[in-house]
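Student: Okay, structure incoming, though there's no sequence with it:
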């Protein structure tokens, strides 16, 4: 269980990551805003607490695997990787630029520390299931690795997910944890208007997965759910993370228009001055260096 | 005459030539690859016997994954297994894999540069009575266009086995094109096989060849029979077996074009985008010559016996002979 001190440290780290997400999107001038901000807490939890990994030795064979299926939220992935030491934080400003390792959607030819390339939706879970199957062949039931797959709720429209969900259940892959970002938006609107996916939980349950729903901004909740998922042996686990898209910048929150847009670089600093300051000070809980 | 250096089946022009489905060579090769390297895994989408993967499944049940009728999942699960150090072979009908799951192959296999081998069985119209839905005649075009991808189309079961074993140690994304129907045995276990190397199987007894025939897959035998008949008529040709369509053996193809000045390609595939196009791209750049294309001309397949269909689409012995005569 996380203690208060650990939780506060994670909250501070999540704020750094949110700041970097905004900085990199402003520098890039395009990209996705809502998803990365919404998943900043979960990525912070994974990279700074949950994940067994070694940024100094990124290809450590015994590492957990993190498969990002909805590649468009990669600003949060890159940001979490940079802040945990995979590459310099300064490099984040090269996002989406020619020659950058930080491609518009993740490409492991450019950044080999990525477990997978992604962008086209619906195929990350299949790759994670393949990793879990391979790990099961090698390490058997005693495996210590966890294969995490992060996917979006809109992405569940893709039929391939359900093929992967069936396969993981068939082979009772306890070494996989799927994390669905349930933020209720996709490019064209709210998920329940574009293509209703509810009840997300009941769907996964009926496909024989162990299902938990958490507040995706509550570190204690996240930690408990991940630990519980690891304790389940007879089936694969999914954690449905209820998140607020754009979380941290009130102007962006819950507005699906921010799914696929980046803030305007010329006016953003002035437009969202208050919000960015809130971010920096963790809602006034910490003293800003700018005060 | 047959090229003696290749130690081909001496009985290949006989009516009693042994016939084995090309996919059988894949099944045997995969079983052997599985014995040689425990990292080899097999994944199938509910066509295990049909694609001959059952031999591997029965020998290595713990390394066989049955994914059900889900070809998109098939490709991406294999990519994940390759990411963990496995050597995955996936099998289905070519129409469904690499047909149905093309984007998954592009992104999760090739873009990721994961060494997954896609065995597509039942390629070509020789699938027969199942009809056009099941006859993949676009598969070479859609695989050879993907960066990082190797494309191999063996001419018989023996070559298919060698190709399977070669791909198992290559560690690259690859498409292995297989045919359903029994196909005459052309090669022997002593025939050399190197990925990326074309072979001249037939050459004139005397004098110079006036046409170079470049054939691939199950139609190599038709091309050889056509060459033999043309030889009896006094028309000298060379026949190249182009087993690896990508990477293309540019040197051998260019050499053949320089020597003959006329090239015909023979494939059980759409003329557009396939082997003929690959050869034309190569020759347009290196040594442009007059070309003819034997293949399906912008049509879908249909039901019939394999022999009927091959003839109907002009890909039989007579079709090859006619195309040669058209060119000279």
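Tutor: That came in fine, so what should we check first? Quick caveat: nothing in here was measured; it's all calculated off a predicted structure.

Student: List the buried residues for the helix or strand harbouring residue A:20?
Tutor: Residue A:20 belongs to helix A:4-28 when elements are defined using DSSP states H and E. By 16 or more other Cβ atoms under 10 Å in any protein chain shown, the buried positions in helix A:4-28 come out as A:7, A:9-11, A:13-28. To be clear about C-beta, it is placed using only N, CA and C from the backbone, and glycine gets the same treatment.

Student: Distance from whichever helix or strand comes after that helix to the middle of the chain?
Tutor: Proceeding N to C from helix A:4-28, the next assigned helix or strand is helix A:34-38, under DSSP H and E. Centroid displacement of helix A:34-38 relative to its chain, using Cα atoms, centre = their mean, to the nearest Å, is 9 Å.

Student: Show residues contacting the helix or strand that helix A:34-38 is followed by.
Tutor: Heading C-terminal from helix A:34-38, the first helix or strand you meet, by DSSP H and E, is helix A:40-45. Helix A:40-45 is contacted by residues A:10, A:13-14, A:17-18, A:21, A:76-77, A:79-80, A:150, A:179, A:181, A:216-219, A:222-223, A:226, A:241, A:243, A:247-248 when judged by Cβ atoms under 8 Å, 6 or more residues apart in numbering or on different chains.

Student: Would you agree residue B:213 is in contact with residue B:240?
Tutor: Yes: the pair residue B:213 / residue B:240 is scored as a contact, 6.9 Å apart, by Cβ atoms under 8 Å.

Student: Between those two, which is the more surrounded one?
Tutor: Between residue B:213 and residue B:240, residue B:213 has the larger neighbour count (other Cβ atoms under 10 Å in any protein chain shown), namely 31 against 27.

Student: Now for the residue of the stretch 51-200 of chain B found nearest chain A, how many residues are close by?
Tutor: Using Cβ to the nearest Cβ, the single residue of the stretch 51-200 of chain B nearest to chain A is residue B:80, 2.3 Å away. For residue B:80, the count of nearby residues is 34 (other Cβ under 10 Å).

Student: do the same with the one 3 residues further on
Tutor: Burial of residue B:83, expressed as a neighbour count using other Cβ under 10 Å, amounts to 23.

Student: What distance do you get for it to residue A:122?
Tutor: 18 Å (Cβ to Cβ, to the nearest Å).

Student: and if you look at residue A:186?
Tutor: For residue A:186 relative to residue A:122 (Cβ to Cβ), the value is 13 Å.

Student: which neighbours do the two share?
Tutor: Common contact partners of residue A:186 and residue A:122 (Cβ under 8 Å, 6+ apart): residue A:157.

Student: mind checking the SS state of the residue of the stretch 51-200 of chain B closest to chain A?
Tutor: Per DSSP: H, G, I helix; E, B strand; the rest coil, the local secondary structure of residue B:80 is helix.

Student: surely it meets residue A:135?
Tutor: No: in this structure residue B:80 lies outside contact range of residue A:135 using Cβ under 8 Å: 9.7 Å.

Student: Let me see the contact set for residue 22.
Tutor: The chain I'm using is chain A. Each residue near residue A:22 by Cβ under 8 Å, 6+ apart is listed here: A:33, A:37, A:249, A:263, A:268, A:276, A:279.

Student: Let me rephrase: I mean chain B.
Tutor: B:154-157, B:160, B:178-179, B:183, B:217-218.

Student: mind listing which of those residues are in strands?
Tutor: Per DSSP state E, strands hold the following members of the contacts of residue B:22: residue B:183.

Student: got the contacts of residue B:22 as TSV, with distance to residue A:204, neighbour count and pLDDT columns?
Tutor: Converted to TSV, the contacts of residue B:22 look like this (distance: Cβ to Cβ, whole Å; neighbours: other Cβ atoms under 10 Å in any protein chain shown; pLDDT from 0 to 100):
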residue	distance to residue A:204	neighbour count	pLDDT
B:154	43	32	98
B:155	48	29	98
B:156	48	31	98
B:157	45	29	98
B:160	41	33	98
B:178	37	32	97
B:179	41	29	93
B:183	46	28	96
B:217	44	31	98
B:218	45	29	97
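
Student: Tabulate the contacts of residue B:22 (TSV), appending distance to residue B:75.
Tutor: Listed next are those as TSV, based on distance: Cβ to Cβ, whole Å:
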residue	distance to residue B:75
B:154	21
B:155	26
B:156	27
B:157	25
B:160	21
B:178	17
B:179	21
B:183	27
B:217	22
B:218	24
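
Student: how about the helices of the stretch 151-300 of chain B, start to end?
Tutor: With helices called from DSSP state H, counting those that start in this stretch, the stretch 151-300 of chain B shows them at B:157-168, B:220-232, B:250-260, B:275-286.

Student: Please name whichever of the ones you listed is nearest to chain A.
Tutor: Chain A sits nearest to helix B:157-168 of all the helices of the stretch 151-300 of chain B, at 16.2 Å, using Cβ to the nearest Cβ.

Student: The residue in the stretch 51-200 of chain A positioned nearest to chain B - how many residues pack around it?
Tutor: Of all residues in the stretch 51-200 of chain A, residue A:130 sits closest to chain B, at 2.3 Å by Cβ to the nearest Cβ. Counted by other Cβ under 10 Å, the residues lying close to residue A:130 total 36.

Student: May I ask which helix or strand encompasses it?
Tutor: Residue A:130 is part of helix A:124-139 when elements are defined by DSSP H and E.

Student: list the contacts for the residue of the stretch 51-200 of chain A closest to chain B?
Tutor: The contact partners of residue A:130, by Cβ under 8 Å, 6+ apart, come to B:76-84, B:88.

Student: Kindly report the same for residue B:249.
Tutor: B:196-198, B:242 are the contacts of residue B:249 under Cβ under 8 Å, 6+ apart.

Student: Can you select the buried ones from those in ChimeraX?
Tutor: Selection command for ChimeraX covering only the buried members of the contacts of residue B:249, criterion 16+ other Cβ under 10 Å:
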select /B:198,242
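
Student: Residue 193: neighbour count?
Tutor: Picking chain A for this. Neighbours of residue A:193 (other Cβ under 10 Å): 12.

Student: The chain in question should be chain B.
Tutor: Look at residue B:193: counted by other Cβ under 10 Å, it has 20 neighbours.

Student: what does residue A:68 give?
Tutor: Neighbour tally, residue A:68, other Cβ under 10 Å: 26.

Student: Surely it and residue A:121 touch.
Tutor: No: between residue A:68 and residue A:121 there is no contact under Cβ under 8 Å: 11.2 Å.

Student: interface residues of chain B facing chain A?
Tutor: Within chain B, the residues that sit near chain A (Cβ under 8 Å from any Cβ of the partner chain) are B:41, B:62-63, B:65, B:67-68, B:70, B:72-73, B:75-86, B:88, B:103-104, B:107-108, B:111-113.
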